[in-house]
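> what follows is a predicted structure for the sequence shown.
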Amino acid sequence: MKPARSKQNRGVLVLLGTTMATGSEERWRGVRRRRLIDAAARVFAARGFEAASMDDIAREAGAGKPTLYRYFAGKDALFESVFIDALDTLEARLDVAEATTSGHAERLLAMLRPIAAMFREHVASLRALSDAASGADRSRRRILRQRRGHIEVRIADVLARASAAGALRIADPKFAARLIIGMVWSGTASAEYDDEDVARAVAALFIETGKADARPRPLVRVPTINDAAGAGGAAR
């Protein structure tokens, strides 16, 4: 005769099996969603938001359109997921950059590298987002401003700590951080320079000009037409 507890054990096993199956299904859904987002990111980067279609994305992902719509309500929702995912990835890379560097110059450069890479990868979509005016785009622009503001705060914190340590002389770290982000954006908008060139150039500019022992150069007055006229008169 089987022990009375065998029924209970079977129930536990069934429950455990169901839980494992559910967990496996959720993991698979997560993997598939990840693949769809990655495929969409590649299509948006290559074609921009307006030119990209759900057919293009489904083809890139090797999936059917019904699968896309099972995970995302439409192109707007998919773009927003790609966009937020890119910002989340950037934040994680900034965490690593801060945690694995010690010197102020090294830390600033390490943080500018992933920022440059993110701008370059999503430049077409970010430009489209800046120019668009729909309600969905306004919502995404608001997200971009909030997240960009958070990134600026992180850069400003690096500059403020360097200034407090006497390594840099930065009067307004927050404004300097905004300039840095703008310069990285401008640099990555051109195919003439790669991400590393842009990150190094911007970091070097602020590190060298902001050094505490740097001395401001004397202002040189720009010659005017009156100077030229005066010089001509003296020659006569």
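Happy to help now that I have it.

> and the protein, what are its domain boundaries?
15-72, 74-218 (automatic domain parsing).

> got a list of what Asp85 touches?
Contacts here follow Cβ atoms under 8 Å, 6 or more residues apart in numbering; on that basis Asp85 touches Ile37, Ala41. To be clear about C-beta, it is placed using only N, CA and C from the backbone, and glycine gets the same treatment.

> that one and Ala165: what is the separation?
Using Cβ to Cβ, to the nearest Å, we find Asp85 at a distance of 35 Å from Ala165.

> shouldn't Glu192 be within a helix?
No. Under DSSP: H, G, I helix; E, B strand; the rest coil, Glu192 falls outside any helix and is assigned coil.

> quick check: pLDDT value at it.
In this prediction, Glu192 carries a pLDDT score of 86.

> number of nearby residues for it?
Neighbour count of Glu192, defined by other Cβ atoms under 10 Å: 8.

> so who does it touch?
Contacts of Glu192 (Cβ under 8 Å, 6+ apart): none.

> change it to 10 Å
Val198 (Cβ atoms under 10 Å, 6 or more residues apart in numbering).

> distance check, it against Val96.
Distance from Glu192 to Val96, by Cβ to Cβ: 28 Å.

> go ahead and confirm Leu144 touches Met118.
No. In this structure Leu144 lies outside contact range of Met118 using Cβ atoms under 10 Å: 11.5 Å.

> these two: which has the busier surroundings?
Legend: neighbour count by other Cβ under 10 Å for Leu144 and Met118, higher for Met118 (20 against 17).

> show me where the protein has its strands.
Under the criterion DSSP state E, the chain contains no strands.

> how about low-confidence regions in it?
Counting by pLDDT under 70, the ranges of the chain that qualify are 1-23, 124-140, 212-236.

> all helices for it, in order.
Counting by DSSP state H, the chain has helices at residues 6-51, 54-61, 65-71, 75-99, 104-121, 123-131, 135-164, 173-188, 195-209, 225-235.

> buried deepest among these, which one?
helix 104-121 (a mean of 21; mean count of other Cβ atoms under 10 Å).

> quick one, that helix and helix 195-209 angle?
Relative orientation of helix 104-121 and helix 195-209, computed by axes from the mean of the first three to the mean of the last three Cα atoms, to 10 degrees: 140 degrees.

> for helix 104-121, packing partners?
Counting contacts by 3 or more Cβ pairs under 10 Å, 6 or more residues apart in numbering; DSSP states H and E, helix 104-121 is packed against helix 6-51, helix 75-99, helix 135-164, helix 173-188, helix 195-209.
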